[in-house]
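# let's see this in three dimensions:
(one chain, ligands or ions: 1)
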Amino acid sequence: MILADATQPTVTSVKHLSYLSFCTPGFAGYCKVGILLFWVIIFSSCRARPFVRITPQMDIEQRFWVRVLLLDDVQSCKLFAPSAFRVINSETQTTVGHVGRLNKPLNINISNRRIVVAGMALMGRETIILPDDPHIFEINDQDYRGKLMLIVNDDGNSFDAINFVPLEPYLAGVVGAEMPDYWEPAALQAQAVAARTYCLYIKNHFGSKRTWDVKKTEANQVYLGVSAESARVWDAIYRTWGQVLVCKQSNDSDALFPAYYSSTCGGHTENSKHVFGDSFEPLVGVPCPYCKEVAKPSFFFWPMVRFDKNTVTNKILQSYPKLKKLGKVTDIIPAKQSNYEGFSRLTLVKLVGSTAESAFLRAEDLRLTINPTGRALKSTICKIVSMGDKWAFLSGRGYGHGVGMCQCGAQALARKSRTVRDILFYYYPGSELSIIY
Ligand SMILES: [Zn+2]
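Below you'll find the predicted structure:
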């Protein structure tokens, strides 16, 4: 809602101006037209950058900041900022440079184990780029809010680029990437709460062991920064500000859980234990007769896809070096599946190798090893058949791992006037809402 003003100048303004310019005689009239033209030009140039409001939460405590891995093991990148920015040595927290407003992107690269910004080699392994208001920077043509951290890797030949961003602006870059922003407000709000809960859970459980909390891809949740934002997305963020889901632990205290979600469950959401190996009461799976009403027919029932057998073997052995004992994968046999009314989801497969050795692999891991984006091989609700030198995946149904909230189901429920609480408590049974700030 706060950012909605930034999009107010619309095509309507231009039409209105055209009307005035045809029927306004005299000097005063031309002045009015001139003033209007001035504002249209100003607004038009503002629209080139989606939102220019100051990034919220820049002063919030560190535990509510998210570290998003943007670039992994790179030798260079391009940086731009619409404002001046400070270069800070992370270890000493001292400002080592202040760069004025740029008129073109500058190069960041690595040389002799040092980050080099615009030709200046920086001391220390970790460097922070902190833009002034509105705290936005652009890296490799993509806008993000917050700060940029550059960390030299152990090999000294590459670096990682990590976005430090407060939780709520991070979520704006997730919600708009994970769900169409024209969907119902209750669905967008449910998405915001699920994404907030998931992010904090992952950060709290894995962040301390590494220099980042989440990746910007489907490996965690898709984050596109400012380009994913819109007034409707920010509305969902503000209406659920600080709300997370919790569930009871064995000691009766409330705790966050990984509030997974996926596009289209296909008719029943899956028990997290079968896909991710973790066990939480809200993630046991529920019937979902709803997503069929919203999902594209080709997502709900997807057509046969085929993958070259040699490529499949290579990808499996690359991801799981321990499976080299298999030689070539000669058979993929369903080992476990969840059976629901009308369909079943593979949860475990047995891989048989040319060496006569065999091994078990979670079906979801097999899917994402063969097709990391999951866009071609959409789910494990399918049959696997050998067809000559190809593996064919037939009778496909649903899109995604199927655990937690079904996004298309959430939209279907929102269309039926269900509230955000109805949606969340349906897909995460036994959970409760809690406010963290
Ligand atoms: Zn569903």
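
# SS state for the most centrally placed residue in the chain?
When Cα atoms, centre = their mean is applied to the chain, the residue found nearest the centroid is residue 222 (1.6 Å). Secondary structure for residue 222, judged by DSSP: H, G, I helix; E, B strand; the rest coil, is coil.

# grab the nearest non-local neighbour of it.
residue 177 (4.2 Å; Cβ to Cβ, 6 or more residues apart in numbering). C-beta coordinates here come from the backbone N, C-alpha and C atoms, glycine included.

# tell me the contacts of the residue nearest to the centre of the chain?
174, 177, 178, 216 (Cβ atoms under 8 Å, 6 or more residues apart in numbering).

# who's in contact with the second one?
Residues in contact with residue 177, defined by Cβ under 8 Å, 6+ apart, are 221, 222, 223, 224, 228.

# just say helix, strand or coil for the residue nearest to the fourth one when sequence neighbours are not counted.
Taking Cβ to Cβ, 6+ apart, and ignoring the residues beside it in sequence, residue 224 has residue 177 as its nearest neighbour in space, at 4.2 Å. Per three-state DSSP, the secondary structure class of residue 177 is helix.

# for the residue nearest to residue 222, give its distance to residue 233.
9 Å (Cβ to Cβ, to the nearest Å).

# could you do residue 357 as well?
Taking Cβ to Cβ, one finds residue 357 at 49 Å from residue 233.

# looking at these two, which one has more neighbours?
residue 233 (23 against 13; other Cβ atoms under 10 Å).

# buried residues of stretch 202-213, list them for me.
Of the residues in stretch 202-213, those buried by neighbour count under the rule 16 or more other Cβ atoms under 10 Å are 202, 203, 207, 212, 213.

# OK, now which residue of the stretch 301-437 of the chain is nearest to the ion?
residue 406 (3.1 Å; Cβ to the ion).

# report the contact partners of that residue.
So residue 406 contacts 261, 262, 263, 264, 265, 269, 288, 290, 291, 427 (Cβ under 8 Å, 6+ apart).

# top of these by number of neighbours, please.
residue 265 leads the contacts of residue 406 on contacts (other Cβ under 10 Å) with 36 neighbours.

# and the nearest residue to that one once chain neighbours are set aside, bridged to which residues?
Leaving out its chain neighbours, the residue that sits closest to residue 265 by Cβ to Cβ, 6+ apart is residue 406, at 4.1 Å. The partner list for residue 406 in beta bridges (DSSP bridges) reads residue 262.

# go on, residue 76?
Assigned bridge partners for residue 76, using DSSP bridges, are residue 109.

# same question, residue 128
Applying DSSP bridges, one finds that residue 128 bridges with residue 88, residue 149.

# that one contacts residue 147, correct?
Yes: applying Cβ atoms under 8 Å, one finds residue 128 in contact with residue 147, separated by 5.5 Å.

# I'd assumed residue 194 was in a helix, is it?
Yes: under three-state DSSP, residue 194 sits within a helix.

# before we move on, the earlier item: can you pull the pLDDT of the residue nearest to residue 222?
Residue 177 is assigned 97 on the pLDDT scale.

# coming back round to it: from the contacts of residue 177, pick the one nearest residue 185.
residue 228 (16.7 Å; Cβ to Cβ).

# which helix or strand contains the residue in the stretch 51-200 of the chain that the ion sits nearest to?
Nearest residue of the stretch 51-200 of the chain to the ion: residue 187, at 12.4 Å (Cβ to the ion). Using DSSP states H and E, residue 187 sits within helix 185-206.

# for the stretch 201-350 of the chain, what lies in contact range of the ion?
Those residues of the stretch 201-350 of the chain that sit near the ion, judged by Cβ under 5 Å from the ion, are 265, 288, 291.

# what helices or strands is the host helix or strand of residue 367 leaning on?
Secondary structure from DSSP H and E places residue 367 in helix 363-370. Here helix 363-370 touches helix 309-319, strand 343-353, going by 3 or more Cβ pairs under 8 Å, 6 or more residues apart in numbering; DSSP states H and E.

# closest to residue 196 out of the contacts of residue 177?
residue 221 (10.3 Å).

# could you look up the SS state of residue 211?
coil.

# can I assume it is in contact with residue 151?
Yes: using Cβ under 8 Å, residue 211 is in contact with residue 151, at 5.6 Å.

# overlap of the contact sets of those two?
160, 162.

# the stretch 201-350 of the chain: helices as residue ranges?
231-239, 272-275, 297-300, 309-319 (DSSP state H, counting those that start in this stretch).

# okay, the ones you listed in TSV with mean pLDDT next?
Shown next, in TSV, are the helices of the stretch 201-350 of the chain (pLDDT from 0 to 100):
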stretch	mean pLDDT
helix 231-239	96
helix 272-275	95
helix 297-300	93
helix 309-319	97
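
# the ones you listed: which one's closest to residue 336?
helix 272-275 (7.3 Å).

# what's the pLDDT at residue 59?
Value for residue 59, per-residue pLDDT: 94.

# can you give me phi and psi for it?
Taking degrees, to the nearest 10, you get phi -100, psi 10 for the backbone angles of residue 59.

# what is the burial count for it?
When neighbours are counted by other Cβ under 10 Å, residue 59 comes out with 6.

# with residue 248 instead?
16.

# thought it was touching residue 257?
No: with contact defined as Cβ under 8 Å, residue 248 does not count as touching residue 257 (10.0 Å).
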